[in-house]
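Visitor: The amino acid sequence is not available; the structure is as follows:
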């Protein structure tokens, strides 16, 4: 059995423990920074997509509304087809958007499709046109509102994992400070009584 009263044993054990804690801290920091980098790249793609979606939504709402900002009841099928979403943008939405944004986008596209169907009817009534354009306008507005609320989530406090990593780093530094003070006291020797 090792002699535990020997200061060299305690110094060696303290150094080994410091090495292990340092390696664990380095590993956690690297893992956290790589996760943050991945999250940052995904967020950049999502933000670009959301900007494109808001622009598409605004173009579509401009087509559904007239120049005086009232509902455009004279919109043609060609105008509705011109504002349809490109396949590449639809694929980006499926890949990067949240479920809420995908659902809102699907509802907006469905409302535009119903508007196109209503316009293509042989003799649509004004009430049907009003209902279809109103529905398309409200669905496009809901899409923009959903995107805004998604973007607002990212301006709040950081996620719990990031806060815990920061807490772990602070605890590690405090432990190192405490250990170094203890070593310094031990090297100075016993203090003389006042």
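Guide: In hand now; what should we look at? Every value quoted in this text rests on a predicted model; they were computed, and no experiment measured them. Residues are numbered from 1 along each chain as shown.
Visitor: For the rest of this, base every contact and every neighbour count on C-alpha atoms.
Guide: Will do.
Visitor: for the record, mean pLDDT for the strand or helix carrying residue 51?
Guide: In the assignment (DSSP states H and E), residue 51 maps to helix 7-64. The average pLDDT within helix 7-64 is 80.
Visitor: Which elements pack onto the next helix or strand after that helix?
Guide: Next helix or strand after helix 7-64 toward the C-terminus (DSSP H and E): helix 77-82. Applying 3 or more C-alpha pairs under 8 Å, 6 or more residues apart in numbering; DSSP states H and E, one finds that helix 77-82 makes contact with helix 7-64, helix 99-120.
Visitor: closest one to residue 184 among these?
Guide: helix 7-64 (12.1 Å; C-alpha to C-alpha).
Visitor: helices or strands up against that closest one?
Guide: helix 77-82, helix 87-96, helix 126-153, helix 160-188.
Visitor: Distance from that helix to the middle of the chain?
Guide: Taking C-alpha atoms, centre = their mean, to the nearest Å, one finds the center of helix 7-64 at 12 Å from the center of the full chain.
Visitor: Packed most tightly, which of the helices and strands packed on helix 7-64 would that be?
Guide: Most buried of these by mean neighbour count (mean count of other C-alpha atoms under 10 Å) is helix 126-153; its value is a mean of 18.
Visitor: Could you pull up the mean pLDDT of that one?
Guide: Computed over helix 126-153, the mean pLDDT rounds to 88.
Visitor: what's the answer for stretch 79-96, then?
Guide: On average, stretch 79-96 scores 84.
Visitor: shift numbering so it begins at 3
Guide: With the count now opening at 3, the last piece we talked about shows up as stretch 81-98.
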